[in-house]
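Colleague: Structure, please.
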Amino acid sequence: MPGPGMTTTDAHASLKNVSVSSFDMRRIVVVALAASLYGSAALAQDTQQPARPPQNSQSDPVAAVVGAWELSNADHDKTCRLNFRADATAGGYKIDVDKNCPGVFPSTKDITAWAVDNYGSLRLLNAQGEPVIELTEVESGMYDGFTPEEGRYVMQSAAAVRSADDMVGDWAIARSTGKPICMLTLANTAAAAGSDNLALKIKPGCDTLIIRFGPASWRMDKGELVLQSARGQTWRFEENDTNTWQRLPESADPILLVRQ
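Modeller: Sure thing, here's the model as predicted:
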């Protein structure tokens, strides 16, 4: 019924507006309730099934693997070296397998490439792209795997397992061009009584850069090779691959140590 001062037409318009407003309110309530139920279900699902954290904490898992690694059995009485490269190839990236590896682990003779899968597992692949060995990261710088034929594998960053005995011998100091600018021999005898450093011998004909530095001893320090002068100055080198080490920090014209 029209109120005071309202015509029938005005009353109908008012009732229509009330009807539309009520419908809109009901629709808002329904949408809000559905969103709330969906959010609760999603939260419950996330609580029951937490997302699996990535196996490799590095932002770039490929870059984290590139370099030299040691593959061994659980007892560490069988070892060989692998060098993971960043060069793309069919199915993944290139890998260098040391020539002694097939004699230690026969399966490695078929390995031609490597890749990291979506779960962070490291896969060593044959020419057909099939995994020969699959490894899972157990901590930074260490992987673990198993095959029924060869048992358990342990793979560690070569820098982490390098010892002074591994480095003894003749080396060339070279520029990035590969041309040697000095030849030296790393010995396994103490540089001086009571010293932790080992002796080295420089051969005649070294570049003035090396003569000014004057390396007189060497040591291994947390996987890095350190050359030290008689004045206490040091050059630190990081392993690039099995036979090449690069001076740190990296530069546009790197200085390399190359095994002879």
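Colleague: how deep is residue 213 tucked in, by neighbour count?
Modeller: 20 (other CB atoms under 10 Å). Quick note: C-beta positions are derived from backbone N, CA and C, even for glycine.
Colleague: I meant to write residue 140 there.
Modeller: Neighbour tally, residue 140, other CB under 10 Å: 11.
Colleague: same question, residue 129
Modeller: 13.
Colleague: so it sits in a helix?
Modeller: No: if the criterion is DSSP: H, G, I helix; E, B strand; the rest coil, then residue 129 is coil and not within a helix.
Colleague: Surely it touches residue 89?
Modeller: No: using CB atoms under 8 Å, residue 129 is not in contact with residue 89, being 10.2 Å away.
Colleague: For those two, list the residues in contact with both.
Modeller: Residues touching both residue 129 and residue 89 by CB atoms under 8 Å, 6 or more residues apart in numbering: residue 113.
Colleague: give me phi/psi at the closest residue to residue 157 other than its chain neighbours?
Modeller: Using CB to CB, 6 or more residues apart in numbering and skipping residues adjacent in sequence, the residue nearest residue 157 is residue 141, 4.3 Å away. The phi/psi pair for residue 141 (degrees, to the nearest 10) reads phi 80, psi 10.
Colleague: Can you name the residues that contact residue 141?
Modeller: 156-157, 160.
Colleague: now, which of those residues sits nearest residue 253?
Modeller: Among the contacts of residue 141, residue 157 lies closest to residue 253 (CB to CB), at 26.5 Å.
Colleague: now that closest one, which residues is it bridged with?
Modeller: Counting by DSSP bridges, residue 157 forms beta bridges with residue 69.
Colleague: ditto for residue 202
Modeller: As for beta bridges, residue 202 partners with residue 184 under DSSP bridges.
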